[in-house]
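Mind looking at a prediction? Sequence and model below.
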Amino acid sequence: LQIKVIHPKPLVVLKSRASHIKDKLVEMAYLNENIAGTSLAASYMSTRTDAGNFQPNVLMANICKHNVTRFPYEIARLAQDIAGGLMVTLPSDQDFENKVTGPLLQKYLRVSPKATVDNRRRILRLIENMTMGRNAVGYLTESMHGAGSPQAQRVMIQRLMELNDKQTYAKNLAGIQAD
């Protein structure tokens with residue numbers, strides 16, 4: 001069995017000069033790629049059944065599912081942190097279209113000559129929608145409950161983690177004589 005994985009995403013260059021923003025973006029990528037990596041590991045470590053299909057590695061599959069119940073919430077929190085308070089206080093489209101308030105909003109919400117206020121609004125609305133709005137149900141709630149109870153995953157991890165073997169390995173590495 002030979003598996004060749006080609007990463008489908010292009011290289012993204014972090015555009016922010018602020019190190020704390022870069023750090024949060026790196027953390028978001030780490031969490032996301034951790035989920036992808038454990039799903040690939042479950043597939044890579046699969047075993048062929050008598051019927052000819054493949055059964056994913058149950059331990060890695062449960063670790064992946066458990067990560068999915070936790071990591072999207074942290075990714076959402078980091079996105080909200082980067083977005084700042086404007087995400088929840090952003091004026092409505094009517095305010096931006098108003099002849100009096102529209103030009104003022106365009107003036108005071110501009111942060112860079114390269115980024116339009118409209119694009120800034122769009123990304124803030126996207127983050128709001130995915131982390132607090134109607135799409136949060138599909139993203140966050142489905143992440144928590146879509147693969148079964150997190151506690152059931154923990155039970156499976158506990159059953160499959162081979163703790164006695166790991167204790168034996170640790171004792172051997174530490175030079176502790178077997179009991």
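Everything's here; your move.

show me where the chain has helices.
Using DSSP state H, the helices of the chain run over residues 19-44, 58-83, 86-89, 93-97, 101-108, 117-131, 136, 142-145, 150-160, 163-174.

Residue 52: which of those helices is closest?
helix 19-44 (16.0 Å; CB to CB). Placement of C-beta: from N, CA and C, glycine included.

between that closest one and helix 58-83, how many degrees?
160 degrees (axes from the mean of the first three to the mean of the last three CA atoms, to 10 degrees).

Packing partners of the helix or strand of the chain with the lowest mean pLDDT?
The least trusted helix or strand in the chain, going by mean pLDDT, DSSP states H and E, turns out to be helix 142-145, with a mean of 88. Packing contacts for helix 142-145, counted by 3 or more CB pairs under 8 Å, 6 or more residues apart in numbering; DSSP states H and E, involve helix 58-83.

Next, the buried residues of the helix it packs on.
58-69, 71-72, 75-76, 78-80, 82-83 (16 or more other CB atoms under 10 Å).

That one vs helix 117-131, what angle?
Using the same axes, to 10 degrees, helix 58-83 lies at 140 degrees relative to helix 117-131.

Low-confidence stretches in the protein?
For the chain, the stretches flagged by pLDDT under 70 are 1-16, 179.

Could you rerun that using 80?
For the chain, residues meeting the criterion pLDDT under 80 lie at 1-17, 147, 178-179.

any idea how far stretch 135-154 is from the chain center?
13 Å (CA atoms, centre = their mean, to the nearest Å).
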